[in-house]
Each structure stands twice: as structure tokens, then as C-alpha cells.
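[1] coords please:
(2 chains)
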Amino acid sequence: GAGVSQSPRYKVAKRGQDVALRCDPISGHVSLFWYQQALGQGPEFLTYFQNEAQLDKSGLPSDRFFAERPEGSVSTLKIQRTQQEDSAVYLCASSARGDYGYTFGSGTRLTVV
Amino acid sequence: GNSVTQMEGPVTLSEEAFLTINCTYTATGYPSLFWYVQYPGEGLQLLLKATKADDKGSNKGFEATYRKETTSFHLEKGSVQVSDSAVYFCALHYGQNFVFGPGTRLSVLP
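    The predicted structure follows:
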């Protein structure tokens, strides 16, 4: 597609529930990033893929967070046993190799109740 | 480590007023600097960027100059419009990652 597509747009989860957030990057984009944006804050880095390889996952806040990109295109961010502090907007971004033209999706707003 | 500091908002201006949003950074090495804008309910959009010292980024009437001596990348616009109301994020890029500031909310009143 023309842009980075994220789904669902909104997700309400009960505490303890598992959730899966999807990112469809721009076709052909090699690099894919996930960011977490808490209310009133700037985005914070979670993890980075180059093709299917997860090269950096240093930003994942706990072992309840897991991301994958098995075929080097679509990526899924999974959060197990959600907690209230996981409530945030989760942003995905992609770029072509060596290009600063990162394109961000509109994000998934996760609310844990 | 790398970090970005922005002036706290919200900033409220009348239409056609002059805008400055201050941004300073701390970085090891020589990062690239960016301003992103986030309109309500939307994702981040790249506004402008500068990849080395003394470069000036510009777009849609906004400008920012990469000042290595003051480690700053202040955003300016000579005459703001109501449609410029949004949250503005200063960011640095080093290696493979972005580090964002906390954002500054701008409200422009007609």
C-alpha cells in the first residue's frame, strides 16, 4: 500500500489478556521499527527489524513483549498478560535501506482496563 | 547517552504570529536531527530534517538549523496558521534508532 498500515486502530484489553498488534509496512521496505508512545510523551523505541532479522530488541520493557516479522514484511507485536502500564499508542515505522525517509503508521491505541 | 529536550507546552499563539519551539540534544557522535509533527488521531509525519552541522531543514514555511556549537535544532515559522495546530516532536537519529523529545503541543487561535 501507499503507507504503513496498523491494526487494530483501537484495542481495549482486560488486564491479564494477551493482545497482538499488526503492522503492514510499505512494500519493499527493509527496516521496520516499533515504538511505544505513552500519553503526553514522545515515542520510545521498542525493537527494530531488518528484513526478518530482529537486530535490536533492547527497548522491549519486559519478557511479556514479543515481536516477530517471519517473512520480512508484516510484523506482529504481541503483549502477554497485559498490565495497566502497557496502555499506550504503539507506533510502527518502516524505511527503505539506508534511507531516512521513515514512514510512521497511525498507531494502535491500547487501553488495558 | 542520547537524549532530546524540548520546551514545555502547550504553546498558544494567534494566527500569523511567529513561532519558536526550542530543542536541544545530547548525543555521542554526530546525529541527524529531525522535526516530526503529529496531528490529532494521526501518526507522526516528517516535517524537516538536517543531517550535519549548519544544515538548514525547511518545509511548509517551517525552518530549523542544526547548531552543533549549541547542540540545538530550534523550530521556527514566521506566520503560523490554525492548521498548524498539532504536537511537534524533535528527534535525533543515530545508528538505527530515533530518540524523541517529549513533544510540544501548539494551538493556533483564529
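[2] spell out which parts of chain A neighbour chain B.
    A:4, A:31, A:33, A:35, A:40-45, A:48, A:55-56, A:91, A:93, A:100-102, A:104-107 (C-beta under 8 Å from any C-beta of the partner chain). The C-beta positions use only the backbone N, C-alpha and C, and glycine is treated the same way.
[3] give the buried subset of those as a ChimeraX selection command.
    Paste this into ChimeraX to select the buried members of those, with burial taken from 16 or more other C-beta atoms under 10 Å in any protein chain shown:
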select /A:4,31,33,35,42,43,44,45,48,56,91,93,102,104,105,106,107
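[4] pLDDT wise, what is B:Gly1 at?
    pLDDT, B:Gly1: 82.
[5] which helix or strand contains it?
    Assigned by DSSP states H and E, B:Gly1 falls within no helix or strand.
[6] how much space is there between it and chain A?
    12 Å (C-beta to the nearest C-beta, to the nearest Å).
[7] what about that residue, neighbour count?
    6 (other C-beta atoms under 10 Å in any protein chain shown).
[8] show me the contacts for it.
    By C-beta atoms under 8 Å, 6 or more residues apart in numbering or on different chains, the contact list for B:Gly1 reads B:Thr26, B:Thr28.
[9] B:Asn97: what's it in contact with?
    B:Asn97 neighbours (C-beta under 8 Å, 6+ apart): A:Phe33, A:Phe45, A:Tyr48, A:Asp56.
[10] which one of those residues is nearest B:Leu33?
    Distance to B:Leu33 across the contacts of B:Asn97 (C-beta to C-beta) is lowest for A:Phe45, with 16.6 Å.
[11] and the contacts of stretch B:82-90?
    Against stretch B:82-90 from outside (C-beta under 8 Å, 6+ apart): A:42-43, B:4, B:6, B:9, B:15, B:19, B:21, B:23, B:25, B:33-40, B:44, B:47, B:73, B:75, B:77, B:100-101, B:103-110.
[12] kindly apply the preceding question to stretch B:65-73 instead.
    B:22-27, B:30, B:33, B:35, B:50-57, B:64, B:74, B:90.
[13] would you confirm that A:Phe33 contacts A:Tyr102?
    Yes: using C-beta atoms under 8 Å, A:Phe33 is in contact with A:Tyr102, at 7.4 Å.
[14] shared neighbours of those two, which are they?
    Common neighbours of A:Phe33 and A:Tyr102, counting by C-beta under 8 Å, 6+ apart, are A:Ala93, A:Ser94, B:Phe98.
[15] partner residues bridging the first one?
    Looking back up the chat, that one is A:Ala93. Note on A:Ala93: beta-bridge partners by DSSP bridges are A:Phe33, A:Phe104.
[16] A:Glu68 versus that one, what's the distance?
    17 Å (C-beta to C-beta, to the nearest Å).
[17] and if you look at the last one?
    Taking C-beta to C-beta as the criterion, B:Phe98 is separated from A:Glu68 by 21 Å.
[18] who's in contact with A:Leu46?
    A:Phe33, A:Trp34, A:Tyr35, A:Gln36, A:Lys57, A:Gly59, A:Leu60, A:Pro61, A:Phe65, A:Ala67, A:Leu77, A:Tyr90.
[19] farthest-separated two in those residues?
    Once C-beta to C-beta is applied, those give A:Phe33 and A:Pro61 as the farthest pair, at 15.5 Å.
[20] now the shared contacts of A:Phe33 and A:Tyr102 as CSV including distance to A:Gln17 and pLDDT?
    Putting these into CSV (distance: C-beta to C-beta, whole Å; pLDDT from 0 to 100) gives the following:
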residue, distance to A:Gln17, pLDDT
A:Ala93, 26, 93
A:Ser94, 28, 93
B:Phe98, 30, 88
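[21] nothing else from me, thank you.
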